[in-house]
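K.L.:
missing the sequence, but the structure's below:
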């Protein structure tokens, strides 16, 4: 079941971000709708009460030419849970052939701070994972953050996501780069409340892989220029564009271009997936 959200008639100087709500509890959807619609730059355009309905309404909105830009998706729902719905919606979205900035972003919402939900959400391609007790202002900012192409993970889950990174769970161990002992970089623990997991990144000049053994994403990563490889390293450490700008002494526009090139060459939909690929390739740990 799904319903179209009421449209506001107030004039807008810029188009608001189109938000879709997916939750099996009507009261939750109502509260989220009031919160989101209270912001002039955000607008709820559709609601659905389970995963199957969400997939159906997404397909319909795409066919009508006004797909949602951000979806707030509950994890636990009947018929089709939010994780499976997110995976299927993102698969459909990837087939649309639209520019990266037009791709739909999904934030998973849950009452339960369970590790497996975090891993599965990131695996599915979600751009965010938040608990339902997240302060309203942080939820609103998270919508804007993922719409810009960045990612948001609940602070309580960030450290665990780093400690139990997905390749450790269900992927073969990658070929570890050989780093000279004298040049080894000390591990940087993740800061509490950070948006992305931190990582120790092995610089390109120090990364050496066995040529007879393959590792995940090898061909994609080898397409990166030295500067793009460096930017990927800073992304893996959890730095924002502004922080990368200061680190590399570049203009923010140049950094944005490098980040866009990195994501495009890796085929990553956002920074979280780029970090995961760095881990899976063994060039960040």
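P.N.:
Structure's in. What do you need? Everything quoted here is computed from the prediction, not taken from an experiment.

K.L.:
what segments of the stretch 1-150 of the chain are helices?
P.N.:
Taking DSSP state H, counting those that start in this stretch to define them, one finds helices in the stretch 1-150 of the chain at 26-37, 51-63, 82-94, 115-124, 136-147.

K.L.:
mind telling me which of those the model trusts least?
P.N.:
Lowest mean pLDDT within the helices of the stretch 1-150 of the chain: helix 115-124, a mean of 76.

K.L.:
which elements pack onto it?
P.N.:
Where contact means 3 or more C-beta pairs under 8 Å, 6 or more residues apart in numbering; DSSP states H and E, helix 115-124 is packed against helix 82-94, strand 105-110, strand 128-131, helix 155-163, helix 166-170, helix 271-280. Quick note: C-beta positions are derived from backbone N, CA and C, even for glycine.

K.L.:
pick out the residue closest to the middle of the protein.
P.N.:
residue 127 (2.3 Å; C-alpha atoms, centre = their mean).

K.L.:
list the residues that contact that one.
P.N.:
By C-beta atoms under 8 Å, 6 or more residues apart in numbering, the contact set of residue 127 is 105-107, 146, 150-152, 269-270, 272.

K.L.:
residue 255: which of the helices of the stretch 1-150 of the chain is closest?
P.N.:
Across the helices of the stretch 1-150 of the chain, residue 255 has its closest neighbour in helix 136-147 (16.6 Å, C-beta to C-beta).

K.L.:
lowest average confidence, helix or strand, in this structure?
P.N.:
helix 166-170 (a mean of 40; mean pLDDT, DSSP states H and E).

K.L.:
next structured bit after that helix?
P.N.:
As assigned by DSSP states H and E, the chain's next helix or strand after helix 166-170 is helix 218-221.

K.L.:
for residue 111, phi and psi?
P.N.:
Main-chain torsions, residue 111, degrees, to the nearest 10: phi -80, psi -20.

K.L.:
name the nearest residue to it, sequence neighbours excluded.
P.N.:
Nearest non-adjacent residue to residue 111, counting by C-beta to C-beta, 6 or more residues apart in numbering: residue 132, 5.1 Å away.

K.L.:
how about the helices of the stretch 1-150 of the chain, which one is nearest residue 276?
P.N.:
helix 115-124 (6.6 Å).

K.L.:
and that closest one with helix 271-280, angle?
P.N.:
Using axes from the mean of the first three to the mean of the last three C-alpha atoms, to 10 degrees, the inter-axis angle of helix 115-124 relative to helix 271-280 is 100 degrees.

K.L.:
starting at the chain centroid, how far to helix 115-124?
P.N.:
When C-alpha coordinates are averaged (C-alpha atoms, centre = their mean, to the nearest Å), helix 115-124 and its chain have centres 11 Å apart.
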